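Enquirer: Prediction below, plus the sequence it came from.
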Amino acid sequence: MQVYKVYLKILKRLYPFILMYVVIFYGIFLLQSMNEPTTNNLDFQIVKPSIPVINHDDSLLTNTFIDYLKEKTKIVDIAFVEEKISDALFHRQIYYVIEIPDDFGKSFINKQTKQLKISKIPASAVAIYVESLINKFFNTARLYLVSGIDEATLSESIIKDLSKEVKVEIKDKITNNTINAGYYYNFSNYVYLCLLILIISLITQVFNQTELKKRNLSSPVKLKKINFQLMLGHISVTIIVWLIFVIGSLILMKNVMFTFNGLLLIFNSLIFVIVAANIAFLIGNLAKNSEAQSAIANIVSIGSSFICGAFVPQMFLDKKVLLLARFLPSYWFIRANDVIVSTSKLGDTQFSIITKCIVMQIIFIFIIYFMNLVITKFRRKEVK
């Protein structure tokens, strides 16, 4: 096992670089997880916006409408001066102003065309919400007007109907640990590629040196044994790097990682780390010197992490970027992670997506492995 021992000696020299990447990764992850909002803050909560209502009408329908708004919003007082309202809107002190004209209620009952006067900041969330309340109230009122009921019955019926609310209960709640697990394994895309390209491609370059290859060919150790020991070294490095981050996730997020979803994350990362090892070996065979190897390593690791969703979530990336990313294994690795942490109970749809992503990564393994075989064959001919 002389070749394997040499492999370990070279690996020992790279130990400071490995440690540096591990420390940086966990430092970034811990900072990110500390800034993560609590689970309660992720729940949907209704916030009552503050809106001024200027009322020039004293009808029962109008008063019922204002009472309805008071339940859903905070009615604030503002002097009826057009300049002050414009200034308040401009400075974002208010977002929506309702002015009810004289005899508006009577006009509505008689199906005339008198309208509410609205001043608002276009496309604001408050404006959209308040307009939905207004539409809801008066659309309900129009339905009752068809039956020809009086104003008192109309107002009573509207309030009775609009007081009914649907209670929403979240059955599948995603915890902070689950979100962090997804972030952890997505970001590991960068570290796996960086570390394995650094180690495997660099050591491959060392053994690909022409003089060293000629000596190995003339040595009593058969070429098959040399290649076997090199492959054993690559496998050892890949498993060690993978275990470092898997064990770290088990320690930091044990509540998630010991679930079925957590085991899927681990299995998906195992498939990807094999892809990363093959990519590293390919770069080691292609790069002619350490400078070229370093440049390729940065382009592959950082570039794929950016366009595939490791640094910026895939949901925020442009469709054209994601279309390009589909030709990279990192996309399928990260896509599977996102689906795994999207729900605590995976259904058939989620399983089909995850399976597809894993199959795509396995296809990349075979493609890159075949490329390595072809390049290695040409390298041997060059030495001879």
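Expert: Received, thanks. Numbers count the residues shown, from 1 in each chain.

Enquirer: Could you pull up the residues touching Cys29?
Expert: One thing to correct before we go on: residue 29 is Phe, not Cys. Neighbour list for Phe29: Asn180, Tyr183, Tyr184, Phe187, Leu252 [criterion: CB atoms under 8 Å, 6 or more residues apart in numbering]. Just so you know, the C-beta spots here come from the backbone N, C-alpha and C atoms, and that holds for glycine as well.

Enquirer: cool, and Ile302?
Expert: Neighbours of Ile302 in contact, by CB under 8 Å, 6+ apart: Tyr190.

Enquirer: Just the CA trace of whichever helix or strand it is part of, in CSV.
Expert: Applying DSSP states H and E as the criterion places Ile302 in helix 290-308. The C-alpha trace of helix 290-308 is given here as CSV (Å, rounded to 0.1, in the frame of the first residue of the first chain):
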residue,chain,number,x,y,z
SER,A,290,-2.1,24.1,-9.9
GLU,A,291,-2.9,27.6,-11.1
ALA,A,292,-5.4,26.3,-13.7
GLN,A,293,-6.7,23.8,-11.2
SER,A,294,-7.4,26.6,-8.7
ALA,A,295,-9.1,28.8,-11.3
ILE,A,296,-11.4,25.9,-12.5
ALA,A,297,-12.2,25.0,-8.9
ASN,A,298,-13.4,28.5,-8.1
ILE,A,299,-15.5,28.8,-11.3
VAL,A,300,-17.1,25.4,-10.7
SER,A,301,-17.8,25.7,-7.0
ILE,A,302,-18.8,29.4,-6.8
GLY,A,303,-20.5,29.5,-10.2
SER,A,304,-22.6,26.5,-9.7
SER,A,305,-23.5,27.6,-6.1
PHE,A,306,-24.8,31.0,-7.4
ILE,A,307,-26.8,29.8,-10.3
CYS,A,308,-28.1,26.6,-8.8
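
Enquirer: if we can go back for a sec, who wins for most neighbours among the contacts of Phe29?
Expert: Using other CB atoms under 10 Å as the neighbour criterion, Tyr184 leads those with 26 neighbours.

Enquirer: Give me the helices and strands touching the helix or strand hosting that one, please.
Expert: Taking DSSP H and E as the definition, Tyr184 sits inside helix 176-196. With contacts taken as 3 or more CB pairs under 8 Å, 6 or more residues apart in numbering; DSSP states H and E, helix 176-196 sits against helix 15-34, helix 223-252, helix 254-257, helix 260-286, helix 290-308, helix 329-340.

Enquirer: Which of those helices sits closest to Ser157?
Expert: helix 329-340 (47.0 Å; CB to CB).

Enquirer: pLDDT of the very next helix or strand once past the closest one, averaged?
Expert: For helix 329-340, the following helix or strand on the C-terminal side (DSSP H and E) is helix 348-383. For helix 348-383, mean pLDDT rounds to 86.

Enquirer: got it, and stretch 60-72?
Expert: On average, stretch 60-72 scores 88.

Enquirer: Name the residues of that stretch that are buried.
Expert: Applying a neighbour-count criterion of 16 or more other CB atoms under 10 Å, one finds Leu61, Thr62, Thr64, Phe65, Tyr68, Leu69, Lys72 buried in stretch 60-72.

Enquirer: what's the neighbour count on Asp87?
Expert: Counted with other CB under 10 Å, Asp87 comes out at 12.

Enquirer: before we move on, the earlier item: got the CA coordinates for the helix holding Tyr184 in CSV?
Expert: Presented in CSV, the C-alpha positions along helix 176-196 are these (Å, rounded to 0.1, in the frame of the first residue of the first chain):
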residue,chain,number,x,y,z
ASN,A,176,-36.7,26.7,12.2
ASN,A,177,-34.5,23.6,12.5
THR,A,178,-36.1,22.2,9.3
ILE,A,179,-35.4,25.5,7.5
ASN,A,180,-31.8,25.5,8.8
ALA,A,181,-31.3,21.9,7.7
GLY,A,182,-32.3,22.9,4.1
TYR,A,183,-29.9,25.9,4.2
TYR,A,184,-27.1,23.7,5.7
TYR,A,185,-27.3,21.1,3.0
ASN,A,186,-27.8,23.6,0.2
PHE,A,187,-24.7,25.5,1.2
SER,A,188,-22.7,22.3,1.5
ASN,A,189,-22.8,22.2,-2.3
TYR,A,190,-20.1,24.8,-2.3
VAL,A,191,-18.0,23.2,0.4
TYR,A,192,-18.2,19.7,-1.1
LEU,A,193,-17.1,21.0,-4.5
CYS,A,194,-14.4,23.2,-3.0
LEU,A,195,-12.8,20.7,-0.7
LEU,A,196,-12.9,17.7,-3.0
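
Enquirer: one step back: got a markdown table for the contacts of Phe29, with pLDDT and distance to Lys377 too?
Expert: Formatted as a markdown table, the contacts of Phe29 follow (pLDDT from 0 to 100; distance: CB to CB, whole Å):
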| residue | pLDDT | distance to Lys377 |
| --- | --- | --- |
| Asn180 | 85 | 45 |
| Tyr183 | 90 | 41 |
| Tyr184 | 91 | 39 |
| Phe187 | 90 | 36 |
| Leu252 | 87 | 44 |
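
Enquirer: Can you tell me which of the residues you listed is nearest Gln115?
Expert: Tyr183 (49.9 Å).

Enquirer: for this structure, where's the lowest mean pLDDT among helices and strands?
Expert: helix 210-218 (a mean of 60; mean pLDDT, DSSP states H and E).

Enquirer: Glu99: what's its closest spatial neighbour, skipping adjacent residues?
Expert: Excluding its sequence neighbours, the residue lying closest to Glu99 (CB to CB, 6 or more residues apart in numbering) is Lys117, at 3.9 Å.
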